[in-house]
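Asker: the following block contains a protein sequence and its predicted model.
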Amino acid sequence: MPTYEFICEKCNKPFTLIITVSEYEKNKFQCPKCKSSKVKQQITSFQAITSKKS
């Protein structure tokens, strides 16, 4: 599952969510600290892991 990083615009606390793509598309995120829905997604890097075939 993808990992998404957010920051709350109300309390300024960063948090991470591990959710499915379909849950992400619903766009209903809340800050775990203050329960505000004013959150902003952070731009992060990612790493893809692939299997090597011999």
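Answerer: Yep, it's here. Numbering: from 1, shown residues only.
Asker: and stretch 1-19, which residues are buried?
Answerer: Across stretch 1-19, burial judged by 16 or more other C-beta atoms under 10 Å covers Y4, F6, C8, F15, L17. No exception for glycine: its C-beta is placed from N, CA and C like everyone else's.
Asker: so which of these is the closest to K40?
Answerer: Closest to K40 out of the buried residues of stretch 1-19 is F6 (6.5 Å), distances taken as C-beta to C-beta.
Asker: shouldn't the closest one be within a helix?
Answerer: No - checked against DSSP: H, G, I helix; E, B strand; the rest coil, F6 lies outside a helix; its state is strand.
Asker: for the helix or strand bottoming out on mean pLDDT in the chain, which positions count as buried?
Answerer: Lowest by mean pLDDT, DSSP states H and E among the helices and strands of the chain is helix 21-26, with a mean of 90. For helix 21-26, burial by neighbour count (16+ other C-beta under 10 Å) applies to no residue.
Asker: who's in contact with the following helix or strand past that helix?
Answerer: Where DSSP states H and E defines the elements, the next helix or strand beyond helix 21-26 is strand 39-41. Residues from elsewhere that reach strand 39-41 (C-beta atoms under 8 Å, 6 or more residues apart in numbering): Y4, E5, F6, I7, C8, E9, F29, Q30, C31.
Asker: let me see the contact set for the second one.
Answerer: Counting by C-beta under 8 Å, 6+ apart, E5 touches P14, F15, T16, L17, Q41, Q42, T44.
Asker: might one say that T3 is in contact with V21?
Answerer: No - between T3 and V21 there is no contact under C-beta atoms under 8 Å: 11.9 Å.
Asker: kindly format the C-alpha coordinates of stretch 16-30 as CSV.
Answerer: Extracted as CSV, the C-alpha positions of stretch 16-30 are listed here (Å, rounded to 0.1, in the frame of the first residue of the first chain):
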residue,chain,number,x,y,z
THR,A,16,1.9,9.7,7.6
LEU,A,17,-1.0,7.5,6.3
ILE,A,18,-0.6,4.1,4.8
ILE,A,19,-3.8,3.7,2.7
THR,A,20,-5.1,2.2,-0.5
VAL,A,21,-5.3,4.2,-3.7
SER,A,22,-9.1,4.0,-3.5
GLU,A,23,-9.1,5.4,0.1
TYR,A,24,-6.8,8.2,-1.1
GLU,A,25,-9.2,9.1,-3.9
LYS,A,26,-12.0,9.7,-1.4
ASN,A,27,-9.9,12.6,-0.1
LYS,A,28,-11.2,12.5,3.4
PHE,A,29,-8.2,12.9,5.6
GLN,A,30,-8.0,14.2,9.2
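Asker: lovely, talk soon.
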